[in-house]
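1. Pasting a predicted model and its sequence here:
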Amino acid sequence: MQVKSFNELSPEELYQILRLRAEVFIVEQGQPYQDIDNKDQDSLHVFEIKDGQAIAYTRIYEIEDGRVSFGRVVTAKDARGHGLGRRLMDTVMETIAQHYPGKEIMINAQKPVVGLYEKFGFKSQSKPFLLEGRRHVVMTFGPKN
């Protein structure tokens, strides 16, 4: 896995990341929404590229209340089921510990993957709600958890 700031991404890496996000979140999940949301510029990008294509991705960023979050967690359809999601999450948790030590993590998790986040110690903090056309749950990890 690679971790880079927005300015460290090459044009090709950025293109592959955006292609993967559109492929899964907009096309596969059938939810047209504004993926490009001005958070990328202030995020750390965690990703893996294989054979010239992004196969796993997420971004990490600080939110207004001083907590840290990550989102747009995605693996390519043909790369699923091989432990890539776990490797991605291991890198996310290590990166947050390194760059944002001691901060609480708050995420909006898609309902079908709540179990994955629970394996990493996240706890649900809300009832399911709709966000960008998908059911989500607020989950937290860390000091206030």
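-> Received the coordinates, thanks. Residues are numbered from 1 along each chain as shown.
2. Kindly list the longest helix within this structure.
-> Across the chain, the helix with the greatest residue count (assigned by DSSP state H) is helix 84-99.
3. Now it - C-alpha only, PDB.
-> C-alpha atoms of helix 84-99 as PDB (Å, rounded to 0.1, in the frame of the first residue of the first chain):
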ATOM      1  CA  LEU A  84      -7.000  -6.600   0.300                       C
ATOM      2  CA  GLY A  85      -9.600  -4.800   2.500                       C
ATOM      3  CA  ARG A  86      -7.900  -6.000   5.600                       C
ATOM      4  CA  ARG A  87      -4.500  -4.800   4.300                       C
ATOM      5  CA  LEU A  88      -6.000  -1.500   3.400                       C
ATOM      6  CA  MET A  89      -7.500  -1.100   6.900                       C
ATOM      7  CA  ASP A  90      -4.300  -2.100   8.500                       C
ATOM      8  CA  THR A  91      -2.500   0.600   6.600                       C
ATOM      9  CA  VAL A  92      -5.300   3.100   7.400                       C
ATOM     10  CA  MET A  93      -5.000   2.400  11.200                       C
ATOM     11  CA  GLU A  94      -1.200   2.600  11.100                       C
ATOM     12  CA  THR A  95      -1.300   5.900   9.100                       C
ATOM     13  CA  ILE A  96      -3.800   7.500  11.500                       C
ATOM     14  CA  ALA A  97      -1.700   6.400  14.500                       C
ATOM     15  CA  GLN A  98       1.400   8.000  12.900                       C
ATOM     16  CA  HIS A  99      -0.100  11.200  11.600                       C
END
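4. List of residues touching that helix?
-> Outside helix 84-99, the residues within contact range by Cβ atoms under 8 Å, 6 or more residues apart in numbering are 1, 3, 44, 46, 48, 55-58, 60, 68, 70, 73, 75, 103, 105, 116-117, 120. Just so you know, the C-beta spots here come from the backbone N, C-alpha and C atoms, and that holds for glycine as well.
5. can you do 10 Å?
-> 1-3, 44, 46-48, 50, 55-60, 62, 68-70, 73-76, 79, 83, 103, 105, 107, 113, 116-117, 119-122, 141-142 (Cβ atoms under 10 Å, 6 or more residues apart in numbering).
6. Next step: those residues restricted to strands.
-> With strands taken from DSSP state E, the overlap with those comprises 2-3, 44, 46-48, 50, 55-60, 62, 68-70, 73-75, 105, 107, 141.
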